[in-house]
Every structure is written in structure tokens, then in C-alpha cells.
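1. Sequence and predicted structure are below.
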Amino acid sequence: MSLGDAAEPLVHIKDFRMDFGDITVIRDLSFDVRAGETFGFLGSNGSGKTTTLRALLGIYQPTAGTLHIGGKVFQPRDGARLGYLPEERGLYKKESVLDVMVYFGRLKGLSKAAARAWSESYLERVGIGDKAKVRLDKLSGGQQQKVQLGVTIMNNPELLILDEPTKGFDPVNRRLLMDIIEEHKRAGATVIMVTHQMEEVERLCDRVILLKDGVSRAYGTVEEVQEEFGGTVCRVAYDGVLPASGLYDVVSDSDGHAELAPRPGAGEAAVLRELVESGAGIRSFTPARISLDEIFIKVYGEQNELTEA
Ligand SMILES: Nc1ncnc2c1ncn2[C@@H]1O[C@H](COP(=O)(O)OP(=O)(O)OP(=O)(O)O)[C@@H](O)[C@H]1O
């Protein structure tokens, strides 16, 4: 069974609006997720990411708009091809790790033997093979999350919806989980991933949407979003004083290290020439694409100014 027709976007959201009482938390949100892509769902805290996923999965009733998976409103009976890792984690904590995993494997259509074999091998892979017989509530938070991710992916879902899959993990384990998600991507799964880790986005995501206060601020490939937010920054190390200039905006500047964003029409070469001619004492000058982190800080910065106003 398949969730959708490969020629159509697997997920289609159009003019989605969500009100809680008098408060509108999402307005006019539209985006598509194509079959086979890994899609980064990004945005500041409270911007509406989890709410959108819940509405997509029928947990919330949208106030207005279309939210389709495979051309129709999601029905729980289609759930076998979908793996959802919710933001709120929670499995049956009084049961052993293996029993819980086998139970969910059975619910997802695996045989008991297949669920057991898959779970044992997964637990080894994520470094908690020795915890198979241990009650879930005796595991650390990160270990419990590994079990929950395992439960989400064990039947190789066609569509994986992961709400902050690596939240709370140390860098080594985060990388391990990213490897596992990447394997599902390579095997053809469509992945929607909420994350605040921009290096994960740059590594995995084909396209992204950036939400702010329930409104889309950017949507496209990582390169398109970088282009929209200025494309290039020049990282400069200098002694002395940076000249005021109409050629660039100063993104950051401290301790002799600055990031300069060339203004439209001003190339990096012109910026460098201006700096050198000003006698600023340039020690190094490195043009680079603006990072997603820097884009986030730009968007957050605007938010803080608004909040303070
Ligand atoms: N059931 C609810 N009732 C009322 N308000 C809600 C409800 N669920 C979410 N909200 C509000 O909707 C807004 C969006 O919340 P949401 O959880 O979707 O944000 P998020 O982008 O997932 O945030 P985070 O990155 O912090 O997880 C917030 O202001 C939140 O308080």
C-alpha cells in the first residue's frame, strides 16, 4: 500500500489557519512536501511547527485550509505507512524495552519474530543492547528517546514525521541518529523533520520552510533560502577600525572579527577593496555563503526587536 501518487506532492498544505480561542497561531500557511525529499520544518519556539503537524495528522481540527497526505485528509487506518515521532515522548514505562518494541512492531504489522529481531539489532546499533530486558522507566531520557525513534521507524514507513528527533542528545548520539534517518532517506522515505539544529538541516534537508509566529518567512531549498537572506557573508579578521560603508551591512563585529553582508550589487571584491583602501588592517577575508544559523539570528533578531517595542 502506498500513501500517495508519486507525481503529486506527498504532503500538501494550503491556506492553513489555526485558531485557539481568540488567538490565531497559524495563518495562511501553504507548502508542499514532495515524495522522497527530506523537508526541514524550522522556526523559533512557539512558531507553530508542532501545531501544523498535529493538524496534518488529524489530532487538531484546522480552523481553515487544506491539509492532505497522499491527496486526502489523513486517516488513522493509513497509519501503517507513516511513522510519527511526536514532540511529547511517552511509551509504556513499566514494561521492558524489548516488550514495548515488539508490541508496537505487532501493531505496525510485523510478525513477533521480525519485530524482535529488528528491535534487538536496533538496540545494539544505538548502543543499548544491554537494556533490552530493562524496564523503560529505568532508562535515561536519551535512551528512552532512542527506543521511541526505533518504534517510529521499525516498519520502514513511507513517510516519517519527526518532531525534534535529536532533542536532548549528545553530539555523538545525535550524529548516530542522523545516520539512521539518512539511511531511511536513501531508501526512499519522505522525511519531515522539525529541528533547531542547523547542521542537521544543512546535512540532510532538500528543502525547508521557516516559520515565524505562524507565518512562513522562507520556503525552498537551503540554497534558495540563503539567497533570499543575502546569499553571501564576508568573514573578516582585522586590526584597527572597520570603515563605515555603503557597500555592506555589519552582521556582527567583536574582537577584531566581523561578518559583513554585501549589499545588493556590491560584490565581495569591491568590499575587500574598500576595506584594504581604508587601511583597516585586514588579516583575513573569507567570503562564504550565509549559514542557516545566521539566517535564524536575523529572523530572531527582528522578533526580539518587535517584542521589546
Ligand atoms: N492546545 C493548545 N491550546 C492553546 N494554544 C496552543 C495549543 N497548542 C499550541 N498552542 C499555541 O500555539 C503556538 C504554537 O505552538 P507550537 O507548539 O505549534 O510551536 P512550535 O513551533 O512547535 O514550538 P517549539 O519549537 O517550542 O516546540 C504557541 O503559542 C502555543 O502556545
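-> Cool, got the structure.

2. Next, find the distance separating F41 from the ligand.
-> 9 Å (C-beta to the nearest ligand atom, to the nearest Å). Every C-beta, even on glycine, is put in place using the N, C-alpha and C of the backbone.

3. now swap in V241 and tell me
-> 40 Å.

4. Quick one: name the residues of the stretch 51-200 of the chain near the ligand.
-> 51, 87 (C-beta under 6 Å from any ligand atom).

5. 8 Å - rerun?
-> Selection of the stretch 51-200 of the chain residues close to the ligand by C-beta under 8 Å from any ligand atom yields 51-54, 60, 87, 163-164, 194, 196.

6. does the one residue in the stretch 51-200 of the chain that gets nearest to the ligand count as helix, strand or coil?
-> Closest to the ligand within the stretch 51-200 of the chain is T51: 3.3 Å, counting by C-beta to the nearest ligand atom. Recorded secondary structure, T51: helix (DSSP: H, G, I helix; E, B strand; the rest coil).

7. Domain ranges for this structure, per the record?
-> The record's domain parsing of the chain by automatic domain parsing lists 11-226, 232-289.

8. In JSON lines, list these along with mean pLDDT, mean neighbour count and distance to I295.
-> Putting those into JSON lines (pLDDT from 0 to 100; neighbours: other C-beta atoms under 10 Å; distance: least, C-beta to C-beta, whole Å) gives the following:
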{"stretch": "domain 11-226", "mean pLDDT": "92", "mean neighbour count": "18", "distance to I295": "7"}
{"stretch": "domain 232-289", "mean pLDDT": "88", "mean neighbour count": "15", "distance to I295": "10"}
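
9. circling back to that earlier point, do you know how far the residue of the stretch 51-200 of the chain closest to the ligand is from P76?
-> Using C-beta to C-beta, to the nearest Å, we find T51 at a distance of 19 Å from P76.

10. Report the contact partners of D15.
-> D15 makes contact with 28-30, 64-66 under the criterion C-beta atoms under 8 Å, 6 or more residues apart in numbering.

11. For the stretch 201-309 of the chain, list the residues in contact with the ligand, please.
-> Residues of the stretch 201-309 of the chain lying near the ligand (C-beta under 8 Å from any ligand atom): 211, 214.

12. just the strands in the stretch 201-309 of the chain please.
-> Secondary structure of the stretch 201-309 of the chain by DSSP state E, counting those that start in this stretch: the strands cover 207-212, 215-221, 232-238, 248-254, 257-262, 282-289.
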